[in-house]
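Participant: predicted model, plus sequence, below.
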Amino acid sequence: MFNAGQMVQLTHTSMIAKPTWLQRHPSVRRGAVAALLSCSILVGHTSAAALACAFSLLLQCSAAALLTRHAGAFALMATLVVPVAFYWPQQALVVDHCALYVLSMGIMLFVFAHSLLPSRQPLVAVAASRVHGPLRADMVRYTYALTIFWTLFFAAALLTPALLFWLGPQGAWRWPQSGGAFAAALAFMLLEAGVRRIVIRNFKHASLKTTVTAFCKARAASNRTTASDA
């Protein structure tokens, strides 16, 4: 016979769900999400046919379900948006591209801006400290200023399509969404790598690959901290 303590332990043990294979391998899950999103963007840009549009949206719903682990909600979303894609494929693709662009730029803006709060550490400083350890005073000032710059950059990238829609030539609002924002970010990254070596002297600077890797890890840590605070 079990005593009271053993019964409580067995009850608590039975209530704890075993982690699934994807939960034990989060990198595989993130890679699958990235692959699904990439395929959806490729399919959406390749053809504006109804079938291609529906398949692109279905891939995005699958990626969202895999990322959030809420398959039921996104299965319902798929049943709602896929029929719309068959009837209005071009309009659905435009709305989808705008939504993906706003979501990606908005997330980046939030991550950088949130790290500038007084209770937190600038995201660029977190990434730099992962590579170099404790930072010098000039590096602290530089990383703070660089975090502000990227915050303003993503805010501008978020607002630029709307400004071009109202003030620019016809169809100009699509430029940032068609790779313009990514090209500008890459150009600024390369330019900043050179400026950093001029401003910060007598310092062993990291390569661009090391910098990007450290930033990705710092952003992931920031996302986990934000989720735990919520």
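Facilitator: Thanks, I have it.
Participant: give me the element residue 41 is part of.
Facilitator: helix 26-46 (DSSP states H and E).
Participant: what comes up buried for that helix?
Facilitator: Across helix 26-46, burial judged by 16 or more other Cβ atoms under 10 Å covers 29, 32-33, 36-37, 39-41, 43-44. Using the backbone N, CA and C atoms, a C-beta is placed for each residue, glycine as well.
Participant: how many neighbouring residues does residue 183 have?
Facilitator: Neighbourhood size, residue 183 [other Cβ atoms under 10 Å]: 12.
Participant: Three-state assignment for it, please.
Facilitator: helix (DSSP: H, G, I helix; E, B strand; the rest coil).
Participant: cool, residue 191 as well?
Facilitator: Quick answer, by three-state DSSP: residue 191 is helix.
Participant: past the helix holding residue 41, which element shows up next along the chain?
Facilitator: helix 50-68.
Participant: avg pLDDT for that following helix?
Facilitator: Helix 50-68 carries an average pLDDT of 79.
Participant: use 39 as the first number from now on
Facilitator: Sure thing, new numbering starts at 39, so read that last one as helix 88-106.
Participant: what packs against it?
Facilitator: Under the contact definition 3 or more Cβ pairs under 8 Å, 6 or more residues apart in numbering; DSSP states H and E, helix 88-106 sits against helix 64-84, helix 109-125, helix 127-152.
Participant: which other helices and strands contact the helix holding residue 79?
Facilitator: helix 59-62, helix 88-106, helix 127-152.
Participant: go with 6 Å
Facilitator: helix 88-106 (3 or more Cβ pairs under 6 Å, 6 or more residues apart in numbering; DSSP states H and E).
Participant: would you mark the buried spots in the helix it packs on?
Facilitator: 88, 90-105.
Participant: try stretch 128-135
Facilitator: Buried, per 16+ other Cβ under 10 Å, within stretch 128-135: 130-131, 134-135.
Participant: Throw the residues you listed into CSV and include distance to residue 113, thanks.
Facilitator: Shown next, in CSV, are the buried residues of stretch 128-135 (distance: Cβ to Cβ, whole Å):
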residue, distance to residue 113
130, 18
131, 21
134, 18
135, 23
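Participant: show me the two of those residues that sit farthest apart.
Facilitator: Using Cβ to Cβ, the buried residues of stretch 128-135 reach their maximum pairwise distance at 130 and 135, which is 9.7 Å.
Participant: could you list the domains of this protein?
Facilitator: Split into domains by automatic domain parsing, the chain comes to 59-125, 132-268.
Participant: just give the closest residue to residue 226, not the sequence neighbours.
Facilitator: Closest residue to residue 226 apart from its sequence neighbours, by Cβ to Cβ, 6 or more residues apart in numbering: residue 191 at 6.7 Å.
Participant: hang on, the earlier thing: least reliable of the domains of the chain going by mean pLDDT?
Facilitator: domain 59-125 (a mean of 75).
Participant: sec struct for the residue lying closest to residue 139 once chain neighbours are set aside, please.
Facilitator: By the measure of Cβ to Cβ, 6+ apart, the closest residue to residue 139 outside its immediate chain neighbours is residue 215, 4.6 Å from it. Classification of residue 215 using three-state DSSP returns helix.
Participant: pretty sure residue 215 sits against residue 135.
Facilitator: Yes. Checked against Cβ atoms under 6 Å, the pair residue 215 and residue 135 is within contact range at 5.5 Å.
Participant: tell me what the longest helix along the chain is packed against?
Facilitator: In the chain, assigned by DSSP state H, the helix with the most residues is helix 175-205. When contacts are defined as 3+ Cβ pairs under 6 Å, 6+ apart, helix 175-205 sits against helix 127-152, helix 161-170.
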